[in-house]
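>>> output the structure for:
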Amino acid sequence: MRKFFYIIMAICPIFFIGCEKSSPSSTTSSVAQLSAFSFAAVDSMPGLSAEFTVEERLDTGLVWNKDSMLYGTKLNHVVPRFSFAATPGMASLTTTDTVCALTGYDTLDFTKTPIYLTIRSSDRTTTKVYEIRPTVHQVDPELFTWTRLTSGIYPADDSEQKVVELGSDFVMIVSNGYELRVFRSPDGESWPATPAVPTGLPAGTHVRQIISDGTTLYYGQGNNLYTSTDAVTWTPVNVSYPIVTMLLYWNEEVWALVRQNDTYELATWQGTNLLLTGLQPTDNFPVSDFASVAFQSASGRDRAMIIGGFAEDGQSLNTRWNLEYSIHPLPAGSYRLEEFSIDRPESTSMTGISVVWYNNLMMLFGGVDDKMTYFGRDILLSIDEGLTWTKADTAKNQLPEVYQARQKQNAIVRDNDIYLFGGQDAQTTYSDVYKGHLNSISW
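Sure, this is the predicted structure:
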């Protein structure tokens with residue numbers, strides 16, 4: 001033991017350079033206290049720059065990092081840095097199988113937990129022990145986790161589906177051509193065995209055209225706009241312009257496509273009637289099986305995009321219509337509508353897709369092309385707000401194997417999670433529910 005102590009004393013003059021200045025070397029101190037801890041910075045390992053807290057306790061102190069270090073940070077070959085309240089007489093690290101005197105330049109293994117730092121004051125009267133507890137994220141931050149919440153809300157049939165949020169619930173409205181049903185769930189996992197039967201909707205209701213503002217549902221057909229606050233009881237209101245289709249809820253307004261003097265025009269619902277906006281798209285504007293998504297652009301502007309779908313003449317489209325609100329001209333501001341696909345014609349025609357805005361990019365699920373070929377299980381990503389699309393890295397973001405390629409699924413983002421509902425392929429109508437989450441989005 002005496003030999004070990006002398007070795008430590010011999011190396012202390014090197015190690016304690018940079019510690020807080022204390023009294024002259026001839027004066028000893030009874031203070032044994034750690035004031036700061038860190039790892040020496042390494043360019044190839046940015047996670048080592050973590051900030052550590054030194055927590056004093058009556059018995060063993062604790063050194064820990066509130067924010068876990070980056071996934072993959074290796075702690076088996078690091079150089080620790082220590083600062084002390086006063087120059088100690090001895091300091092050593094103890095792991096499960098090693099006792100190491102500190103020099104300030106040693107490369108040590110911090111994976112052999114628990115790790116204890118023992119400090120003895122220069123006058124040998126005080127000893128303090130700290131547990132050093134570095135934490136590293138154990139999951140890849142760029143990894144998506146997908147789980148199936150339910151394999152089926154109702155028995156498969158040849159039905160059309162729409163899922164919306166209403167209050168704090170998910171609502172699935174189903175039509176098999178002669179009967180409407182409503183299923184409601186608080187979490188996407190638990191659903192009633194017996195659905196409700198809505199009243200007040202017209203014959204031939206296309207439920208995929210129902211939209212929600214969060215508290216009220218909207219459906220348009222002809223010169224009537226139908227509303228409901230519970231998805232069961234619907235009330236019609238006569239409007240001035242024939243409704244071609246409901247588009248989306250965006251910028252705190254309900255948007256519809258109407259016919260005005262044999263042309264299309266976008267209109268917004270004002271509580272008693274539809275108000276024309278002056279935005280008149282061309283004939284290659286979709287009327288069914290399109291995807292709509294609202295987001296805030298990189299420039300901070302509120303935008304919405306309407307992607308793909310079928311035109312009124314049945315043509316499968318590759319269009320991307322961008323709807324944007326500009327504060328100019330002041331003070332009123334104005335809306336603009338532009339067909340981005342004019343400049344980017346390389347996209348394939350696509351119908352029955354679903355698109356969400358998640359983690360500052362667009363994610364596209366499912367769909368078919370103009371030959372009714374299914375796009376598959378791959379998830380497509382757009383980092384340029386819908387202009388171009390690339391496949392997601394399947395090592396990081398892939399739907400479960402049990403998920404079948406399909407179209408007309410519904411996609412909703414809630415509380416940093418993505419929910420996928422139902423859909424259909426050539427043989428099957430699905431009523432399953434999947435939930436996906438990016439690990440880093442809630443860190």
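
>>> got the contact list for the closest residue to residue 319 other than its chain neighbours?
Nearest in space to residue 319, with sequence neighbours left out and distances taken as CB to CB, 6 or more residues apart in numbering, is residue 341 at 4.6 Å. Any C-beta I mention is one placed from the backbone N, CA and C, and that applies to glycine too. For residue 341, the contacting residues are 318, 319, 320, 321, 347, by CB atoms under 8 Å, 6 or more residues apart in numbering.

>>> quick one: the helices in the protein?
Read by DSSP state H, the chain holds these helices, from start to end of the chain: 2-15.

>>> show me the longest strand that occurs in it.
strand 235-250 (DSSP state E).

>>> which elements pack onto that strand?
Applying 3 or more CB pairs under 8 Å, 6 or more residues apart in numbering; DSSP states H and E, we find strand 235-250 packed against strand 211-212, strand 217-228, strand 253-260, strand 263-269, strand 274-276, strand 291-296, strand 302-307.

>>> residue 181 is nearest to which of the ones you listed?
Proximity to residue 181 (CB to CB) singles out strand 217-228 among those, at 14.2 Å.

>>> what about stretch 60-69, start to end distance?
Terminal residues of stretch 60-69 lie 23 Å apart, using CA to CA, to the nearest Å.

>>> model confidence over it, on average?
Average pLDDT, stretch 60-69: 92.

>>> one more: stretch 101-111?
pLDDT averaged over stretch 101-111 gives 81.

>>> give me the distance between the two termini of that stretch.
First-to-last distance for stretch 101-111 - CA to CA - comes to 18 Å.

>>> all strands of the stretch 51-200 of the chain, in order?
53-55, 61-64, 80-84, 90-94, 99-101, 115-120, 127-133, 144-150, 160-166, 169-175, 180-185 (DSSP state E, counting those that start in this stretch).

>>> which one is residue 136 nearest to, not counting chain neighbours?
residue 69 (4.5 Å).

>>> run through the chain and note the low-pLDDT ranges.
For the chain, applying pLDDT under 70 flags the ranges 1-26, 104, 329-333, 342-346, 442-443.

>>> what domains does the record give for it?
As assigned by automatic domain parsing, the chain contains the domains 2-133, 144-442.

>>> ok, residue 370 to residue 351 distance?
The gap separating residue 370 from residue 351 is 8 Å, by CB to CB, to the nearest Å.

>>> which one's more surrounded, these two?
Set residue 370 next to residue 351 and count neighbours by other CB atoms under 10 Å: residue 351 wins out with 23 against 14.

>>> from memory the more buried one sits against residue 291, does it?
No: contact between residue 351 and residue 291 fails when scored by CB atoms under 8 Å: they sit 9.1 Å apart.

>>> still on that earlier bit, of the helices and strands packed on strand 235-250, which is nearest residue 119?
strand 291-296 (51.8 Å).

>>> buried ones in stretch 160-168?
Within stretch 160-168, the residues scored as buried using 16 or more other CB atoms under 10 Å are 160, 161, 162, 163, 164, 165, 166.

>>> ok, the first one touching residue 174?
Yes: when contacts are counted by CB under 8 Å, residue 160 is listed as touching residue 174 (7.2 Å).
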